[in-house]
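Participant: Could you work out the structure for the sequence below:
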Amino acid sequence: MHLLQTEDKRGNVILVREVLKDVDTRVELSVVEDEQAALDFLGRCTTATLIPCPDVMLLDFTLPRKNGNELLQELKQHSRFKSIPMGVFTGSEEPQEVHHCYELDANAFLRKPIDVDEYFAIVRSCVEFWGACQVP
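Facilitator: Down below sits the predicted model:
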């Protein structure tokens, strides 16, 4: 499975990398720091290039230029990317943000916990779930 993480905080990237060391699913992780880098990455991935398109994306909700909603909306409107499962992974638990992300066709809304063990458990569950799913 190829996972694309959109995350601007290095510590969160390190945590995800640590989780991936201990999961049964083989995961290739690519990381981009902002929404433009995500769009650039996705624009370069094709079957003709050596850059594999992600099977799943984890989108940070609070990104530097656009918020996660804007990136999610843009990706889900693009015919080439809308079938990629996208989980919003954020510290927010505002009900209106959760609802809005699902309106924009997010496949999951995951809250980033402060506790490291909880953080690991959520990422592990996410990876194991999507690793077991058939994705396009």
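
Participant: who does the helix or strand Leu58 falls within pair up with?
Facilitator: Assigned by DSSP states H and E, Leu58 falls within strand 56-60. Strand pairing for strand 56-60, determined by DSSP bridges: strand 2-6 (parallel), strand 86-90 (parallel).

Participant: for the record, mean pLDDT for the first one?
Facilitator: The average pLDDT for strand 2-6 rounds to 94.

Participant: got it, and the last one?
Facilitator: Averaged over strand 86-90, pLDDT sits at 91.

Participant: before we move on, what about stretch 27-40?
Facilitator: Stretch 27-40 comes out at a mean pLDDT of 91.

Participant: Buried ones in it, by neighbour count?
Facilitator: 27, 29-35, 37-39 (16 or more other C-beta atoms under 10 Å). Where you see a C-beta, it was placed from the backbone N, CA and C, and this is true even at glycine.

Participant: and what of stretch 8-20?
Facilitator: 8, 12, 15-16, 19-20.
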